[in-house]
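Visitor: A predicted structure for the sequence below; I have some questions about it.
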Amino acid sequence: MAEHTAPRDTPPTEPADARPDLAALLVPLCRALVDAERPVLDAHGLTMWAYSVLLRLGTTPIRTQAALADAIRADKTRIIPVLDDLESRGLIQRRPDPADRRVRLVSLTPEGRRLRDAVQADIQRGEERLLAHLPATDREAFVRGLLALHALPGIPPHQPSRDT
């Protein structure tokens, strides 16, 4: 008597309440959001890291370079060229900390604030088109949940894996 076996390419059955892993859900969405941001950033002459700096300085007006790198989850040595560029364009100001002259304090200039606000408005207009596919209550809960997860203290800086 022959035993019945499923073909090898048949996917395994999953419980009715199974959901994909969060990374499987979020990574394609994040890639699409980044791809949508690129033309906006390009039009304003900014890189993703530069935009991250402008956003973070907007929430905290003056930070040390090391604290700023930590806040945007970047290596502090890698943001120095970003800060150099933003400073040369008059978008940020770096000055020695009066309490410790070895430390540089970083702040937005009025032009940096204006550019940050314009870029953020352009990006969020695009995001609103995506979010419009959700009912208003789901949209608010989704954004609130992302904000809560983003605020978790234990999320380390991104370390690219060898296979990416």
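Guide: Yep, it's here.
Visitor: where does the chain have low pLDDT?
Guide: Low-confidence segments of the chain (pLDDT under 70): 1-8, 10-14, 16, 61, 156-164.
Visitor: in it, which spans are helices?
Guide: 22-44, 48-59, 65-71, 80-88, 110-131, 136-150 (DSSP state H).
Visitor: Contacts for the third one next, please.
Guide: Applying C-beta atoms under 8 Å, 6 or more residues apart in numbering, the contact partners of helix 65-71 are 53, 56-57, 60, 63, 75-76, 78-80, 83, 94, 103-104, 106. To be clear about C-beta, it is placed using only N, CA and C from the backbone, and glycine gets the same treatment.
Visitor: Compare the residues you listed and tell me which has the most neighbours.
Guide: Neighbours here mean other C-beta atoms under 10 Å. Within those, the largest count is held by Val53, at 29 neighbours.
Visitor: Hmm, that residue is touching Arg73, no?
Guide: No - between Val53 and Arg73 there is no contact under C-beta atoms under 8 Å: 11.9 Å.
Visitor: still on that earlier bit, ok, and which of the helices of the chain has the densest surroundings?
Guide: helix 48-59 (a mean of 19; mean count of other C-beta atoms under 10 Å).
Visitor: can you pull the contacts of the closest residue in space to Ala50 that isn't next to it in sequence?
Guide: Once flanking residues are discounted, Ala50 sits nearest to Val82: 5.3 Å by C-beta to C-beta, 6 or more residues apart in numbering. Going by C-beta under 8 Å, 6+ apart, Val82 touches Thr47, Trp49, Ala50, Val53.
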